[in-house]
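*Asks:* test case, fold it:
(one chain, ligands or ions: 1)
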Amino acid sequence: MNTVITGGYVATVDEQGTEHADGYVAVVDGRIAAVGSGAVPEEFAGLERVDASGCLVTPGLVNTHHHLYQWATRGYAQQEDLFGWLVALYPVWAGIDADIVSATAKAGLGMLALSGCTTAADHHYVFPRDGGDVFGALIDAGRHIGIRLHAVRGSMDRGESEGGLPPDSIVESLDDALEQTERAINEYHDPAPEAKIQVAVGPCSPFSASLDLMRGAAAVARRHGVRLHTHLAETADEEEQCLREFGLTPVDYARNLEWLGEDVWLAHGVHLKEPEIALMAETGTGIAHCPSSNARVGAGMAPISALVDAGAPVGLGVDGVASNESGGLAEELRQALLTARQRGGPKALTARQALRIGTMGGARCLGRDEHIGSIEQGKLADLAVWRLDTLKHAGIVDPVAALVFGRVPPLELLLVGGEPVVERDHLLTADEPSLTRELARASARLADS
Ligand SMILES: [Zn+2]
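*Replies:* Residues are numbered from 1 along each chain as shown. Next up, the predicted model:
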């Protein structure tokens, strides 16, 4: 839809951090045709208008790490650390199938859209042998909800019998994992700048994927020019295990496998040390920062101020909702800011830096920063319009602080490629009561299995 959003406060998150009080954003053919302040230029004056008075306009938020299937397993293992939590949950996840993934992915992507997210990465690595086409179900859910989906074809080949944590029934053989990963890329990856669906490659973690799978997956990804993703340096336990098994820290392990680089983004990076932070920046390796999830399992908190200062790409992630029952991305802006300050004091992260991580930083992690992540002429029109004139925010002197320090504001409008996906806190692309019923049914099926 061609439209011009007028009268709002526009935080562009461009290189200079340009902001326009009384700003406008013109949207033509799915892209941003103009952005500025004051009167709308004549050539766009005839477009349908969206009145954004009392609102803040930001780039759509970018989620860099999630496991949508976990929407069916919220509230489990509440007092466990990561390994205890995984051991408790793997047997439950062994019961997922394409129907459960369909219901949970639609619910999870819908909830992300309602929290201002226009692009989401999902890391799916559980493929039970009799679960049907779970990856196809994930892709269909992305198309249905209408935000951009980076579907990461995950994999595990180290079951309990190989010293891994997952039960053998949910791991694949090395050959199957690589073959199915390649099939997913061939079938679903769209390399176009305006793509709604892209595929990345993501062996789950060093404690559930073998060396051969890590190496083979990297080779597949690089052969097809798609991105690489895995969990790394999430907990102290993981570091101990890596040192014990390989005599290497998780980062050195990744480096030896050529798993650092501009085509790689890693979930967590909680336990990165100083030289490793510099290495992330030097190699252009992205970090998906998931503050709520890290806090829930008591993993520690990633050194994101140092990563940002060093120039490494840092994005935000909700992580799977079995470790972050909220599943909303906007609230992670506040979590990132508060937890960074708990580590490094009140200057550790500003509201604008938090917003940049949640938008441009995420776009860099996913390799989409040329086309999304900021409000600039020529970029895709992925926009969030937040209402700030209700009791929740009225009178907060700085609109960006209102969004980041305050409650999550009502979402007046969410556009993906210029198309409305959310209007006045209502999802336009799916019926919320039926998403809710399907989610409850999927959760009950797993709880009973
Ligand atoms: Zn994760």
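
*Asks:* what helices or strands is the lowest-mean-pLDDT helix or strand in the chain leaning on?
*Replies:* Ranked by mean pLDDT, DSSP states H and E, the weakest helix or strand in the chain is helix 236-246, scoring a mean of 90. Contacts defined by 3 or more CB pairs under 8 Å, 6 or more residues apart in numbering; DSSP states H and E place helix 236-246 against helix 82-93, helix 250-256. C-beta: built from backbone N, CA, C; applies to glycine.

*Asks:* in stretch 253-267, what counts as buried?
*Replies:* 253, 254, 255, 257, 259, 260, 261, 263, 264, 265, 266, 267 (16 or more other CB atoms under 10 Å).

*Asks:* can you give the contact residues for it?
*Replies:* 64-65, 123, 206, 211, 214-215, 218, 221-222, 226-234, 242, 246, 248, 251, 279-280, 283-288, 290, 313, 315, 317, 319, 365-367 (CB atoms under 8 Å, 6 or more residues apart in numbering).

*Asks:* try stretch 194-201
*Replies:* Contacts for stretch 194-201 (CB under 8 Å, 6+ apart): 30, 121, 139, 142-143, 146, 148-153, 181, 184-185, 188-191, 217-218, 220-221, 226-229, 366, 371, 380, 416-417.

*Asks:* let's see that with 6 Å instead.
*Replies:* Residues outside stretch 194-201 that contact it (CB atoms under 6 Å, 6 or more residues apart in numbering): 142, 148-153, 181, 184-185, 188-190, 217, 220-221, 226-229, 380.

*Asks:* how many other residues sit next to residue 434?
*Replies:* 11 (other CB atoms under 10 Å).

*Asks:* quick one: what helix or strand has it in it?
*Replies:* Counting by DSSP states H and E, the element that carries residue 434 is helix 432-448.

*Asks:* what angle do that helix and helix 82-93 make?
*Replies:* Computed with axes from the mean of the first three to the mean of the last three CA atoms, to 10 degrees, the direction of helix 432-448 lies at 100 degrees from that of helix 82-93.

*Asks:* by contact count, what packs against helix 432-448?
*Replies:* Where contact means 3 or more CB pairs under 6 Å, 6 or more residues apart in numbering; DSSP states H and E, helix 432-448 is packed against helix 98-114.

*Asks:* who's in contact with the helix it packs on?
*Replies:* 63, 68-69, 71-72, 120, 132-134, 137-138, 141, 144-145, 147, 327, 329, 414, 421-422, 427, 430, 435, 438-439, 442.

*Asks:* how about the stretch 151-300 of the chain: which residue is closest to the ion?
*Replies:* When scored by CB to the ion, the stretch 151-300 of the chain has residue 267 as its residue closest to the ion, at 5.0 Å.

*Asks:* for the stretch 151-300 of the chain, what spans make up the strands?
*Replies:* Here the stretch 151-300 of the chain has its strands, by DSSP state E, counting those that start in this stretch, at 197-203, 228-232, 264-268, 286-289.
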